[in-house]
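Enquirer: after the sequence you'll find the predicted model.
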Amino acid sequence: MHKFAIAVVRQLMSQDIIEANQEALCIYEVERRISTFMSFCILMVVGTWVSSPLPAFAFISTVLFLRARTSGYHARSYITCLMLSIVAESIILLLILPVMTLSVCVCLMVISYWVIWHFAPVNHMNLQLEQEELAVNKKASRLRLVIVSLIAVGLVLFSFDMIAYSVSLGTAFTSVLIVVAHIVKQEG
């Protein structure tokens with residue numbers, strides 16, 4: 001993947017689309033986007049296998065949408081992250097989703113909302129965000145939280161309960177990753 005990212009960035013540099021001083025950042029961004037896409041595809045296959053496509057899509061999309069701004073616990077390697085994600089997704093969609101109720105969904109959303117609102121974003125030691133960047137991510141994470149909450153409410157109102165529960169579980173999982181990051185002191 002790294003060699004592919006380098007080739008893509010160097011091609012863009014040869015076409016004067018990217019400046020030489022942006023090379024390292026662009027390589028990182030290409031790798032990040034490829035790994036996110038690969039993870040999404042793998043998690044969709046696993047999620048569809050243990051549950052069904054719509055709940056899997058709702059769960060994974062919610063987590064990715066929120067974590068883009070909230071951050072949270074980070075495993076030491078991509079493979080470890082992917083394996084932990086597969087295990088967590090399987091447990092959540094196979095064991096927890098089938099027994100979800102509206103009252104549990106509401107409770108999870110309220111608790112998750114509070115955690116994300118108060119503790120996100122996590123300034124992971126590898127990110128080293130400046131105060132201005134943290135403020136932007138805090139505002140963005142809160143906006144995304146409101147959007148996700150409104151989507152969950154809309155899904156319940158239109159009787160798409162299992163999808164709403166999946167969104168709720170994705171929000172709860174994101175908040176758990178924030179709490180874990182604070183417990184293991186992953187903040188920079």
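Expert: Perfect, I can see it now.
Enquirer: any idea how far the residue nearest to the spatial centre of the chain is from Met44?
Expert: Closest residue to the average C-alpha location of the chain: Leu64 at 2.7 Å, with Cα atoms, centre = their mean. To Met44, Leu64 is 11 Å away according to Cβ to Cβ, to the nearest Å. All C-beta atoms are positioned from the backbone trio N, CA, C, and that covers glycine.
Enquirer: what's the burial count for Leu12?
Expert: Leu12 is flanked by 16 other residues according to other Cβ atoms under 10 Å.
Enquirer: give me the pLDDT value at it.
Expert: Leu12 is assigned 86 on the pLDDT scale.
Enquirer: how about the one 5 residues further on?
Expert: Residue-level confidence at Ile17 comes out at 87, pLDDT.
Enquirer: and the helices in this protein?
Expert: Applying DSSP state H to the chain gives helices spanning 2-14, 23-50, 53-70, 78-91, 102-119, 131-157, 161-183.
Enquirer: what comes into contact with the first one?
Expert: Read that as helix 2-14. Helix 2-14 has contacts (Cβ atoms under 8 Å, 6 or more residues apart in numbering) with 18-20, 23, 26-28, 30-31, 34.
Enquirer: closest to Phe119 among these?
Expert: Tyr28 (25.6 Å; Cβ to Cβ).
Enquirer: for that closest one, what are its contacts?
Expert: Ala5.
Enquirer: against Thr48, how distant is it?
Expert: 30 Å.
Enquirer: just Gln22 next, same as before
Expert: Distance, Gln22 to Thr48, using Cβ to Cβ: 38 Å.
Enquirer: okay, now the unreliable bits of the chain?
Expert: 125-127, 187-188 (pLDDT under 70).
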